[in-house]
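J.: after the sequence you'll find the predicted model.
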Amino acid sequence: MIRTGIAAATVLAFAAGPAAAQEKTVKIGFISTFSGPPAAIGNDMRNSFELGLDHLGRKLGGLPVEVIYEDDQLKPEVGVQKTQKLIESDKVDFVVGYIWSNVILASLKPLVDSKTMTVVTNAGASQLAGELCSPYVFSTSWNNDQTPQAMGLYMNQKGIKKAFLIGANYAAGRDMLAGVRMTFQGEVAGQEMTRWPDQLDFSAELSKARAAQPDAIFAFYPGGAGVQFVTQYAQSGLKSQIPLYTVFTIDELSIPRLKELAVGVPGAQEWVNDLPNETNKKFVADYMAKYKARPSFYGAQTYDAAALIDSAVRAVKGDLSKKDEMRKEMEKADFKSVRGNFKFGNNHIPIQNFYLQDVVKNAEGDYVLHTAATIVENDQDRFHDRCPMK
């Protein structure tokens, strides 16, 4: 069991005395990255899931909860090992999490073969939405292509005629660049895919972008790589010359480091912290009160997972053997989401709105994300018709 400073594979059991020891417990396996720089994402996901449990009285469907957190170390081979451990040794009822598309793709077979109810709270591999969809796997995030497709539409609205694309060379990065190509109607002047996750020097790619003389640069770099990319983009002088459009590059985790550098760089997302529904207002306010930071979209998607599982366990009155009934209940998306109303497609990927977000300085002097506009409403991923589930 890998341990970080706070034990990445921590078991949290919530029982209330001897009588509760005999009560059925909902056992959750949670896989994310809790070591290295991407631990900031994993910790935000964990914090949000814990807050979701707080809001549900530390129970799911009325039953006590045990959560086992595992660190995938950003490695597909470790992710599948931890997935197998949770299924075979810990015998969990649900698996939640997964940041990275390559990790969920490596881990998918044991999840599906064991019929373990799974809620993916970030990774949006196109195969998961298409030919590898499963009755036992749900997403509270998106398909990778959807967010860049929304950004491509916005670039068209801005009159961009020629763009240079740059992204991380792994499953999600390839999906992101394919997604923007699907909707962007202008010329793609060039494309660069960089090593993931160890390449953090983008000077060569930025030089190629400058030489191509595009109207805009589109980039996808999550986590710390995004901080490095935006910083180097500004330091190179390109910020005053060629506008940058991004997805999953500027968020609440990177803004405290980027500050002014993030201003003027638009992004697209299905959730922004100022969405005006009551569930979101409570989530953001309570997260900030408890953790003294703003939640990110990674956290928002994971907070929703707790409510989704609660709806399933409640529907079967705690009988976790009734997987088909739980699946049918989860397909209804009958819970209050931080993003507002949405529904699941046939492939268990959300059909939802995507928003334009930008960075502003608020009255307190903090740089925060702001919802600028709705780019597309009730968007369904383009792979759903490849899913055998109808």
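T.: That came through fine.

J.: just give me the longest helix of this structure.
T.: Ordering each helix of the chain by length in residues (DSSP state H) puts helix 297-315 first.

J.: for that one, name the packing helices and strands.
T.: Helices and strands touching helix 297-315, by 3 or more C-beta pairs under 8 Å, 6 or more residues apart in numbering; DSSP states H and E, are strand 26-32, helix 39-55, strand 59-60, strand 94-97, strand 117-120, helix 278-291, helix 323-331. Just so you know, the C-beta spots here come from the backbone N, C-alpha and C atoms, and that holds for glycine as well.

J.: reformat the ones you listed as a markdown table; add distance to Leu261, mean pLDDT and mean neighbour count.
T.: As requested, these are exported to a markdown table (distance: least, C-beta to C-beta, whole Å; pLDDT from 0 to 100; neighbours: other C-beta atoms under 10 Å):
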| stretch | distance to Leu261 | mean pLDDT | mean neighbour count |
| --- | --- | --- | --- |
| strand 26-32 | 27 | 98 | 27 |
| helix 39-55 | 18 | 98 | 22 |
| strand 59-60 | 41 | 98 | 21 |
| strand 94-97 | 30 | 98 | 28 |
| strand 117-120 | 31 | 98 | 26 |
| helix 278-291 | 23 | 98 | 16 |
| helix 323-331 | 40 | 98 | 17 |
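
J.: reformat the ones you listed as JSON lines; add distance to Asn341.
T.: Formatted as JSON lines, the helices and strands packed on helix 297-315 follow (distance: least, C-beta to C-beta, whole Å):
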{"stretch": "strand 26-32", "distance to Asn341": "26"}
{"stretch": "helix 39-55", "distance to Asn341": "18"}
{"stretch": "strand 59-60", "distance to Asn341": "22"}
{"stretch": "strand 94-97", "distance to Asn341": "22"}
{"stretch": "strand 117-120", "distance to Asn341": "19"}
{"stretch": "helix 278-291", "distance to Asn341": "11"}
{"stretch": "helix 323-331", "distance to Asn341": "15"}
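
J.: mind checking which of the ones you listed is nearest Ala216?
T.: helix 39-55 (26.7 Å; C-beta to C-beta).

J.: distance from that closest one to the middle of the chain?
T.: Helix 39-55 has its C-alpha centroid displaced from the chain centroid by 12 Å (C-alpha atoms, centre = their mean, to the nearest Å).

J.: which outside residues touch it?
T.: Residues from elsewhere that reach helix 39-55 (C-beta atoms under 8 Å, 6 or more residues apart in numbering): 4, 14, 30, 32-34, 59-60, 65, 67, 69, 71, 96-97, 99, 121-122, 222-224, 252-253, 282-283, 286-287, 290-291, 295-296, 298-300, 302-307.

J.: could you check the angle strand 26-32 makes with that helix?
T.: Angle of helix 39-55 versus strand 26-32, following axes from the mean of the first three to the mean of the last three C-alpha atoms, to 10 degrees, is 160 degrees.

J.: helix 39-55 vs helix 297-315, what angle?
T.: Going by the same axes, to 10 degrees, helix 39-55 makes 30 degrees with helix 297-315.

J.: just the CA atoms of helix 39-55, as PDB, please.
T.: The C-alpha coordinates for helix 39-55 follow below in PDB (Å, rounded to 0.1, in the frame of the first residue of the first chain):
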ATOM      1  CA  ALA A  39      -1.500  15.400  -6.000                       C
ATOM      2  CA  ALA A  40      -3.100  18.900  -6.000                       C
ATOM      3  CA  ILE A  41      -5.800  17.500  -8.300                       C
ATOM      4  CA  GLY A  42      -6.200  14.300  -6.300                       C
ATOM      5  CA  ASN A  43      -6.500  16.200  -3.000                       C
ATOM      6  CA  ASP A  44      -9.200  18.400  -4.500                       C
ATOM      7  CA  MET A  45     -11.100  15.400  -5.600                       C
ATOM      8  CA  ARG A  46     -10.800  13.700  -2.200                       C
ATOM      9  CA  ASN A  47     -11.700  16.900  -0.400                       C
ATOM     10  CA  SER A  48     -14.800  17.300  -2.500                       C
ATOM     11  CA  PHE A  49     -15.900  13.700  -2.100                       C
ATOM     12  CA  GLU A  50     -15.500  14.100   1.700                       C
ATOM     13  CA  LEU A  51     -17.600  17.200   1.700                       C
ATOM     14  CA  GLY A  52     -20.200  15.400  -0.300                       C
ATOM     15  CA  LEU A  53     -20.300  12.800   2.400                       C
ATOM     16  CA  ASP A  54     -20.500  15.500   5.000                       C
ATOM     17  CA  HIS A  55     -23.600  16.900   3.300                       C
END
